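> Kindly generate the corresponding structure for this input.
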Amino acid sequence: MTETSRFFRIPLEHIGYVRAIVEGYEGLAQVYSRERDRGEIELFIPSGRAAEAAALVERLARETGWVEIARPPDWDLP
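Residues are numbered from 1 along each chain as shown. Coordinates of the predicted model:
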């Protein structure tokens, strides 16, 4: 199975909320944050779930103000 990674910058106060919402959608995506004080997260999205994940990303962007970013240069590659 191939995963897609998408990166976001999110207000720190919303990270826990976003994690809970995303994880509530069983198997939709996994949330990873490298450093809790940076406000950057990575979503690992399994193949076949990209459209569903994109819809959730759009809703959460409106709700929390997160924005998609390029992979932070200092994040380790998987």
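
> list the buried ones in the helix or strand Ala55 falls within?
Here Ala55 sits within helix 50-64, counting by DSSP states H and E. Of all the residues in helix 50-64, those buried under the rule 16 or more other Cβ atoms under 10 Å are 53, 56-57, 60, 64. Every C-beta, even on glycine, is put in place using the N, C-alpha and C of the backbone.

> phi, psi of the residue sitting nearest the centre point of the chain?
Nearest residue to the geometric centre of the chain (Cα atoms, centre = their mean): Leu43, 3.4 Å. Backbone geometry at Leu43, expressed as degrees, to the nearest 10, gives phi -110, psi 130.

> quick one: contacts for it?
By Cβ atoms under 8 Å, 6 or more residues apart in numbering, the residues touching Leu43 are 5-8, 22, 29-32, 53, 57.

> How confident was the prediction at it?
Note on Leu43: pLDDT of 94.

> Is it bridged to anything, and to what?
Here Leu43 sits in beta bridges with Arg6, Val31, going by DSSP bridges.

> ok, back up a step: nearest to Ala70, of the contacts of Leu43?
Nearest to Ala70 among the contacts of Leu43, counting by Cβ to Cβ, is Phe7 at 6.6 Å.

> measure stretch 35-51 end to end?
28 Å (Cα to Cα, to the nearest Å).

> typo on my end, stretch 45-52
10 Å.

> For the chain, give me the ranges with low pLDDT.
1, 77-78 (pLDDT under 70).

> change it to 90
By pLDDT under 90, the low-scoring segments of the chain are 1-4, 15, 33-38, 72-78.

> re earlier: gap between the helix holding Ala55 and the chain center?
Counting by Cα atoms, centre = their mean, to the nearest Å, helix 50-64 is centred 9 Å from the centre of its parent chain.
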